[in-house]
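> Need a 3D model of the sequence below.
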Amino acid sequence: MHIRRRHSLLRLPALFPLPAPLSLPALHSLPALLTLFAWLSLLALPMILPLPALPLPLVVGTVPAYASEIPVSELHLPSIGVLDHTPPPEGMRTAPPGGEVVNPAEFCRADAMLIHWASAHSQVLVDMCLAIAESDRVICCARSSADAAEAEAAMSAAGVHMANVEFLVTSGGSVWIRDYGPFSIYDDGELSITDMRYGPMGDIDDIPIEIADQYELPWYRSSLIHQGGNHLTDGNGMGFSSTNLTSFNPAWEMGAIREEMQSYLGLDSLVIFPPMQGDATQHCDMWMKLLTDTLFVVGEYEHPEDAVGDDAAYLDQLAQDLDEMQNLDGRDFEVVRLPMNPVVFEGFYSINRTYTNSLILNDKVLVPVYGTPLDAEALQIYARLMPDHEIIGIDSSNLIHYLGAIHCITNIVHHSNPLVVLHEPLVRVDPGAEPVLSCRLNPRFGDREVELHYRSAVSGDEGVIPAVFSDGVWRAQMPPVFEDFGYWFEARVFSGAGVFETSLPEGAPDEVFTCLVREASSVEPGVVDPTFDPTGDPALDPAVNPVLDPVAFDPGTLTSWPKPFTGETTIGFSLARDVAVELGVYDSGGRLTRRLLPERPMVAGHHQVVWDGRDDGGELLPSGVYLVRAHAGRSVGFERLVLIR
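This is a model prediction of the structure:
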């Protein structure tokens, strides 16, 4: 569900609290009242009385055997334990970074996934490593050499690509490395680590420093308590947190919090809102996430009774408020809703089986799944919103009983060059048009430049146009075009002594975007020029290609079901007359992975071909977006397939 309503443009203040009434479940028994008293004591409510009234993560019920077997110390509950509101120990705080400070977004380029080994969660940790280590680094922290050896054995037995896995023995730690782990920043272009104070379990406050020292990264230490699960950033200087941030820092004035976040994380604006009632962690990653610099996903309950208290209405209001906001460049945010599973109760905990608690690491997205009917819908939404990423479901049905999911047990060390270029390809223009091509850079540095490079597909003539920056977007206008052309962007950033360079596509100039120069009147959905090679631009939209010969094969009849699919999919098409048909499946990189029909003569009528998700060698292909290409006579059609493992 997209929220389309737009209101007057709003420049974000440094702090934007969203009002919410105090709402508690009804209490009908002495045990329930005692439970409430225990929670009030643990949350140290007298210390946060100056704050606005906030909904509490409190659900009262009968404790099932499953929940009672989980030690409280292992739950993902930063609020459990005595809060330390005393000044930090001597040496805890360092001077802040002295240069241009930039906090990259999760979707920026990453160097490694961080995890912390825990035997109780070995399966989900191994599953994540199987997905990530095949192409990216994994740093596995462990409390001892014995734990590291156990982790290595478990991963090796499961077939993890161990050449991409490193082990680091730390002084302590828990599986919830998102909350106490490092915050990546760039100080005058140099990758560095900020260590925000964790709060409870102070013995793990040193782990970000140990990681920084191991990889020879500069580090800085703040005395503000701020947990990573309660931190979202758009990479453009905006941060988002729940009031968990203010609850843990009652002695801090709002101005001091803003200044600390700006000094140590480079945030120029901070948005703060109440937490969900039905989530005990109070961390915003349990109900919302940024997929790009302007695209949020926010949870949505199908029925109000599926949620705790007023959580369904609260999420609707939060989504609306975010949708009405702008970022610091004056661009609108967009909000897409992700389904929320009905809450289940375990004792006085409500189990929030959320899909927003995912991990984006380069071109992969790990999404928690729980074996519920909503899993497929959530994965399909991710696939639609992030078509250039591989969407991988990770079984979190056991992990969520500890009150956390995938994002909670992972962290990221960003790349020394974090730059990404965000762009929606232009695939067709009219002859004689002067197209304006645009892109965005992330994260935001002060000194930057972008160039548009283009090359005629016919004459081979090339050109370079400097892009102009306004309202957060880089734009370059081309001269009149009369021939198909390829294009790409090159970007450079200057910060301190550092220089970052990147291009889009990353393989440019060998790999480029292809734009067809055609009359709009000759366009029909699904039909393309048979001289066009789909491997040149696998992201081509079938709706913008010229009609050549719709007689033998109407590409509009090319369909597939189910969508998405997990095991196999049926591809259907119709022929108006006898004709030879060629059918192939291409991956997101434009490579032919499976030849389903090698130009076989077929009779008129409707036909079906089943694809089992394997390549020509019989190997199972990973989750992701694929393109099936049907070529019959002089007509070619495309159908997008989404495979979910």
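
> Dump stretch 410-421 to PDB, restricted to CA.
C-alpha atoms of stretch 410-421 as PDB (Å, rounded to 0.1, in the frame of the first residue of the first chain):
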ATOM      1  CA  THR A 410      23.800  -8.000  12.600                       C
ATOM      2  CA  ASN A 411      25.900  -4.900  12.200                       C
ATOM      3  CA  ILE A 412      27.900  -3.400   9.300                       C
ATOM      4  CA  VAL A 413      31.400  -2.200   8.800                       C
ATOM      5  CA  HIS A 414      31.000   0.200   5.800                       C
ATOM      6  CA  HIS A 415      33.400   0.300   2.900                       C
ATOM      7  CA  SER A 416      36.300   2.700   2.700                       C
ATOM      8  CA  ASN A 417      34.400   4.100  -0.300                       C
ATOM      9  CA  PRO A 418      30.700   4.200   0.600                       C
ATOM     10  CA  LEU A 419      29.400   6.000  -2.400                       C
ATOM     11  CA  VAL A 420      26.400   4.700  -4.300                       C
ATOM     12  CA  VAL A 421      24.600   6.300  -7.200                       C
END
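
> Report the buried residues of it.
410-415, 417-421 (16 or more other CB atoms under 10 Å). Bear in mind the C-beta positions are built from the backbone N, C-alpha and C, glycine included.

> Make CSV from these and add secondary structure and pLDDT to it.
Output for the buried residues of stretch 410-421, formatted as CSV (DSSP: H, G, I helix; E, B strand; the rest coil; pLDDT from 0 to 100):
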residue, secondary structure, pLDDT
410, coil, 98
411, strand, 98
412, strand, 98
413, strand, 97
414, strand, 98
415, coil, 97
417, coil, 96
418, coil, 96
419, coil, 96
420, strand, 96
421, strand, 96
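
> Which SSE is immediately downstream of the lowest-mean-pLDDT helix or strand in the chain?
Among the helical and strand segments of the chain, the one scoring lowest on mean pLDDT, DSSP states H and E is helix 65-68, with a mean of 32. The helix or strand immediately downstream of helix 65-68 is strand 101-102, counting by DSSP states H and E.

> Show me the strands in the stretch 251-400 of the chain, by range?
269-273, 288-290, 295-300, 334-339, 344-346, 349-351, 359-361, 364-369, 390-395 (DSSP state E, counting those that start in this stretch).

> Residue 149 is nearest to which of those?
Ranking those by distance to residue 149, with CB to CB as the measure, places strand 390-395 first at 24.0 Å.

> residues of that closest one that come out buried?
In strand 390-395, the ones that count as buried by 16+ other CB under 10 Å are 390-394.

> Relative to residue 209, which of the residues you listed is nearest.
For the buried residues of strand 390-395, the nearest to residue 209 is residue 394 (29.1 Å; CB to CB).

> quick one: that closest one and residue 131 touch, right?
Yes - using CB atoms under 8 Å, residue 394 is in contact with residue 131, at 7.2 Å.

> residues bridging contact with those two, i.e. touching both?
Residues within reach of residue 394 and of residue 131 at once, by CB atoms under 8 Å, 6 or more residues apart in numbering, are residue 366.

> end to end, how far does stretch 355-367 reach?
For stretch 355-367, the separation between the terminal residues is 6 Å (CA to CA, to the nearest Å).

> now that stretch, how far from the centre of its chain.
5 Å (CA atoms, centre = their mean, to the nearest Å).

> ok so, going back, would you reformat the buried residues of stretch 410-421 as JSON lines and include distance to residue 229?
Output for the buried residues of stretch 410-421, formatted as JSON lines (distance: CB to CB, whole Å):
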{"residue": "410", "distance to residue 229": "10"}
{"residue": "411", "distance to residue 229": "10"}
{"residue": "412", "distance to residue 229": "13"}
{"residue": "413", "distance to residue 229": "17"}
{"residue": "414", "distance to residue 229": "17"}
{"residue": "415", "distance to residue 229": "22"}
{"residue": "417", "distance to residue 229": "26"}
{"residue": "418", "distance to residue 229": "21"}
{"residue": "419", "distance to residue 229": "26"}
{"residue": "420", "distance to residue 229": "23"}
{"residue": "421", "distance to residue 229": "28"}
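
> could you pull out the helices for the stretch 401-550 of the chain?
Counting by DSSP state H, counting those that start in this stretch, the stretch 401-550 of the chain forms no helices at all.

> What segments of it are strands?
So, for the stretch 401-550 of the chain - with DSSP E, counting those that start in this stretch - the strands run 411-414, 420-422, 428-429, 436-442, 447-456, 462-466, 468-470, 473-477, 485-495, 498-504, 513-517.

> Ranking these by mean neighbour count, which comes first?
strand 411-414 (a mean of 24; mean count of other CB atoms under 10 Å).

> What strands flank it, and is each parallel or antiparallel?
strand 110-116 (antiparallel) (DSSP bridges).

> Provide the angle between the direction of the partner strand and the direction of strand 364-369.
30 degrees (axes from the mean of the first three to the mean of the last three CA atoms, to 10 degrees).

> Is residue 271 bridged to anything, and to what?
Beta-bridge partners, per DSSP bridges, of residue 271: residue 240.

> What count of nearby residues applies to it?
Other residues lying near residue 271 total 22 when counted by other CB atoms under 10 Å.

> What of residue 349?
Residue 349 has 25 nearby residues by other CB under 10 Å.

> any idea of the pLDDT on it?
The per-residue pLDDT reported for residue 349 equals 82.

> Isn't it up against residue 402?
No - in terms of CB under 8 Å, residue 349 does not count as a neighbour of residue 402; the distance is 9.7 Å.

> what's the domain layout of the chain?
Structural domains annotated on the chain: 30-79+99-414, 419-517, 531-645, as defined by automatic domain parsing.

> out of those, deepest packed?
Most buried among the domains of the chain, counting by mean count of other CB under 10 Å: domain 30-79+99-414, with a mean of 20.

> Could I get the contacting residues of the residue lying closest to residue 384 once chain neighbours are set aside?
Leaving out its chain neighbours, the residue that sits closest to residue 384 by CB to CB, 6 or more residues apart in numbering is residue 642, at 7.9 Å. Counting by CB under 8 Å, 6+ apart, residue 642 makes contact with 380, 383-384, 391, 563-565, 624-626.

> Sketch out the low-pLDDT regions of the stretch 401-550 of the chain for me.
Across the stretch 401-550 of the chain, the ranges flagged by pLDDT under 70 are 520-550.

> residues in contact with residue 292?
Contacts of residue 292 by CB under 8 Å, 6+ apart are 107, 422, 442.

> For the second one, list each beta-bridge partner.
Beta-bridge partners for residue 422, by DSSP bridges, are residue 440.

> Just confirm it contacts residue 442, I think it does.
Yes - using CB under 8 Å, residue 422 is in contact with residue 442, at 6.3 Å.

> Overlap of the contact sets of the two?
By CB under 8 Å, 6+ apart, the residues touching both residue 422 and residue 442 are 292-293.

> contacts for stretch 602-613?
Residues outside stretch 602-613 that contact it (CB under 8 Å, 6+ apart) are 557, 565, 567-581, 583, 585, 594, 596-597, 620-621, 628, 632, 641, 643.

> gap between that stretch and the chain center?
36 Å.

> between the domains of the chain, which gets nearest to residue 93?
domain 30-79+99-414 (4.3 Å).

> Tell me the gap between that closest one and the middle of its chain.
12 Å.

> got a list of what residue 253 touches?
Contacts of residue 253 (CB under 8 Å, 6+ apart): none.

> can you pull out the helices in the stretch 101-250 of the chain?
122-132, 145-158, 177-180, 207-214, 244-247.

> average pLDDT for the first one?
Computed over helix 122-132, the mean pLDDT rounds to 97.

> and the angle for that helix with strand 364-369?
150 degrees.

> Quick check: which ranges of the chain have low pLDDT?
1-91, 200-203, 520-551, 589, 634.

> Out of the contacts of residue 292, which comes closest to residue 374?
Of all the contacts of residue 292, residue 107 has the smallest distance to residue 374: 23.7 Å, by CB to CB.

> Just to check, the closest one is in contact with residue 291?
Yes - contact criterion CB under 8 Å: residue 107 and residue 291 qualify, at 6.7 Å.
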